[in-house]
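> I'll drop the sequence and a predicted model, then ask my questions.
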Amino acid sequence: MIKLSGLRKSYASGGGRLEVLKGLDLHIRPGESVAIMGSSGSGKSTLLNVLGLLDGFDEGSYLLADQDMKDLPEVDSAGIRSRTLGFVFQSFNLLETKDAIENVALPLYYQQVRRAERMAQARAMLERVGLGDRGDHRPSQLSGGQKQRVAIARALVSNPKVILADEPTGALDTATSHEIMDLLDEVQQSGITLVVVTHEPDIAERMQRTIYLRDGRIVDEL
Amino acid sequence: MSMALDTWLEVWEVVRRNRLRTLLTMGGVFWGMFMLLLMAGFGKGLERGVANSLGGRSSNAVFVWSQSTSLAYRGMRPGREVDFKNADLPAIRNEVSGIEVLVPRMQLGGFRNRTEIVGNGKTGAFQVMGDAPDLKRIQPMSMRSGRFINPLDMEQERKVAVIGAQVAKEFWGEVDPVGDSIQCNGVWFRVVGVFDSRQSGDTGERAESTIHIPFATFQRAFNIGDSVGWIALTGQPDASAVALEEEVRQLLAKRHRIHPDDEPAIGSYNAEEEWRQLQATFAGIRLFVVIVGSFTLLSGVVGVSNILLVTVRERTSEIGLRRALGATQGQVIRMILREAMVLVGVAGYAGLVIGVAFLELSRWLVGADNPTLGNPQVELNLVLISGICLLFAGALAAWVPARRAAAISPVEALRAE
Ligand SMILES: Nc1ncnc2c1ncn2[C@@H]1O[C@H](COP(=O)(O)OP(=O)(O)O)[C@@H](O)[C@H]1O
Ligand SMILES: [Mg+2]
């Protein structure tokens, strides 16, 4: 599903360049679940952003579903983000002015799905994450765990092939974290490829495979 | 359609979220549009008012009258009174080309003098003029009843009179005076027609307080021989009034043995100069209106642009998120553009509607034919142009904020959260 080889990425920093990813080779099969671990600043988020086409890379190659992601036109990468990928963030990133249903339906808006259809799909997806009765709640009326469920429903609503989650439980307590991970397990069992950045070993343990990042490279263990 | 509705709902939400600020900026555009319309409307009214009082009179009309010589010439002393004659008219016709209408005129008692008139048992003071049938081609009028002077009146020196609406009203009230008679300096004239002036203001009123009798009858009835008071003419459409005036003056100077440099001997006037000055004034007014209006509108646009910029900055993470969820840069740009269009459009449209209402109201208060304020009014094409200005203004307001929004990197935006 995801194939990286020799992937490099650097940031401009104070006149020079800060190399963050220093040649990564990685192969993730369809339906596989992978945890990415590493100390803070090791480039986990950078990697996830590259995988999610939110950011570009400098060298090497990135194939997503056998398609070359190097220098993709903006419109195409937006299309892939919308249809193939789903994102879950540590801070949920829900729109405060919209209720849960509308938040979940947002990706479909950019796929030109009609409003009634969008709302129906979003409602179904909210039910699937156990929030069928909270559709008209604003994010401020929801707990952290509920917000993350809404965010997961939003990631799932456009039937993506890959879910990318950057520390999805980073802002949650342990019990809630495990509920969220149960939900992500279900997602993975439904055949969706799952990549989760985390620094909690018991969360990483739930994934089929863990890769470790250190100093911009993949290492066997920390 | 449903998609379109959606996008507008999105806009509505942004507007609702920043209610006060939205209102303030919309106020700027509203005011700009309102002022633009008002100034254009009143400018147009003024223009029309002045043009009306000129009365659709030909812009290339020329008037020539006789005065006294100021230079000695061929043994004649200065101070001699010049007296135009009937024979001058065919001479002018023959020798000056480019003339369309040419008529002799004479006023009883001199220029703008009023004469005691008796009609329907009452008396009143009105202007009495001797005129040829063609006068109606120079001085626009519409017959309310009867007819104007005709060639037969001239030929037979009939004692007939065509009177202005004011005259008719004063003597006969609402009764049609055609067939009745008026008396002027002891001579009776049968009324054959009543006219309304098509000019407005003072000029129109003066015209409607005038009694026209056939020029030939005038000369005979009031014993002035073959003297002509003044000559009125208009040029053919492509003829220059200034040139015609000069040619006619030269010809008349020659015929009446006036020194070629004796300017004061012949008085003359052409409307072209005045017309041109008016046109220049109107052009000035229009330019002023456009400049002031545009600047007012522009400041409104800058206001909208600013508020959009602030909202874009506030919504950085939201826009970044939308990008992450699949929005293209184009979609983000269109989103901001729609917001600008709605703000500018609604505010501007309100300004337009209220401006039109205001103009209509003032028209109603001032009266449709007020000579100085004219006829404040909005023309359809002014509204159309304003509408186009609005669209343009909306796009302009959106330009910088939309570019800023499109440049937001999703990664940065999400990290900022
Ligand atoms: N936009 C950026 N500009 C410059 N440096 C950046 C940028 N984004 C991340 N970095 C740097 O790259 C490194 C890796 O960051 P990140 O991928 O966020 O690490 P992690 O998620 O593993 O904590 C850090 O040193 C960070 O400061
Ligand atoms: Mg990180």
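Received, thanks. Ligands and ions are numbered 1, 2, ... in the order given.

> from here on, just use CA atoms for contacts and neighbour counts.
Fine.

> tell me which helix or strand comes right after the biggest helix by length in chain A.
Selection of the longest helix in chain A by residue count, based on DSSP state H, yields helix A:174-189. Sequence-wise, the next helix or strand downstream of helix A:174-189 (DSSP states H and E) is strand A:193-197.

> packing partners for that next one?
Judged by 3 or more C-alpha pairs under 8 Å, 6 or more residues apart in numbering or on different chains; DSSP states H and E, the packing partners of strand A:193-197 are strand A:33-38, helix A:44-51, strand A:162-166.

> chain center to the second one: distance?
The offset between the C-alpha centroid of helix A:44-51 and the centroid of the whole chain comes to 9 Å, using C-alpha atoms, centre = their mean, to the nearest Å.

> ok, it near ligand 1 or not?
Yes - judged by C-alpha under 6 Å from any ligand atom, helix A:44-51 comes into contact with ligand 1 at A:44-46.

> which stretches of chain A form strands?
Assigned by DSSP state E, the strands in chain A fall at A:2-13, A:16-28, A:33-38, A:59-64, A:67-68, A:85-88, A:162-166, A:193-197, A:209-214, A:217-219.

> repeat for chain B
Using DSSP E, the strands of chain B run over B:61-66, B:84-85, B:99-107, B:115-119, B:122-131, B:141-146, B:160-164, B:181-184, B:187-197, B:210-214, B:227-228, B:230-235, B:266-270.

> which strands or helices does the fifth one pack on?
Using 3+ C-alpha pairs under 8 Å, 6+ apart as the contact definition, the elements that strand B:122-131 packs against are strand B:99-107, strand B:115-119, helix B:165-172, strand B:210-214, helix B:215-221.

> quick check: closest non-adjacent residue to B:A125.
Excluding its sequence neighbours, the residue lying closest to B:A125 (C-alpha to C-alpha, 6 or more residues apart in numbering or on different chains) is B:E116, at 4.5 Å.

> so where's chain A shaky on pLDDT?
Across chain A, the ranges flagged by pLDDT under 70 are A:221-222.

> who in it is up against chain B?
By C-alpha under 8 Å from any C-alpha of the partner chain, the part of chain A that sits against chain B consists of A:49, A:54-55, A:74-75, A:78-83, A:86-87, A:91, A:93, A:95, A:106-107, A:110-115.

> buried deepest among the strands of chain A, which one?
strand A:85-88 (a mean of 26; mean count of other C-alpha atoms under 10 Å in any protein chain shown).

> ok, that strand: who's next to it in the sheet?
strand A:162-166 (parallel) (DSSP bridges).

> got JSON lines for the helices and strands packed on strand B:122-131, with mean neighbour count too?
Shown next, in JSON lines, are these (neighbours: other C-alpha atoms under 10 Å in any protein chain shown):
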{"stretch": "strand B:99-107", "mean neighbour count": "21"}
{"stretch": "strand B:115-119", "mean neighbour count": "18"}
{"stretch": "helix B:165-172", "mean neighbour count": "20"}
{"stretch": "strand B:210-214", "mean neighbour count": "27"}
{"stretch": "helix B:215-221", "mean neighbour count": "20"}
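
> just to revisit the earlier point, what about the residues of helix A:44-51 next to ligand 1, which one has the most neighbours?
Highest neighbour count within the residues of helix A:44-51 next to ligand 1, by other C-alpha atoms under 10 Å in any protein chain shown: A:K44, with 25 neighbours.

> got the residues of the stretch 201-350 of chain B near chain A?
B:318, B:321-329.

> mind checking which of the residues of chain A next to chain B are buried?
With burial judged by 16 or more other C-alpha atoms under 10 Å in any protein chain shown, the buried subset of the residues of chain A next to chain B is A:49, A:54-55, A:78-83, A:86-87, A:91, A:93, A:95, A:106-107, A:110-111, A:113-115.

> from A:T97, how far out is the residue in the stretch 1-150 of chain B that ligand 1 sits nearest to?
Nearest residue of the stretch 1-150 of chain B to ligand 1, counting by C-alpha to the nearest ligand atom: B:V14, 28.6 Å away. Separation of B:V14 from A:T97 (C-alpha to C-alpha, to the nearest Å) stands at 9 Å.

> could you do B:E412 as well?
B:E412 is 21 Å from A:T97, by C-alpha to C-alpha.

> burial count for the residue nearest to B:N60 when sequence neighbours are not counted?
Nearest non-adjacent residue to B:N60, counting by C-alpha to C-alpha, 6+ apart: B:A241, 4.7 Å away. Residues lying near B:A241 (other C-alpha under 10 Å) number 27.
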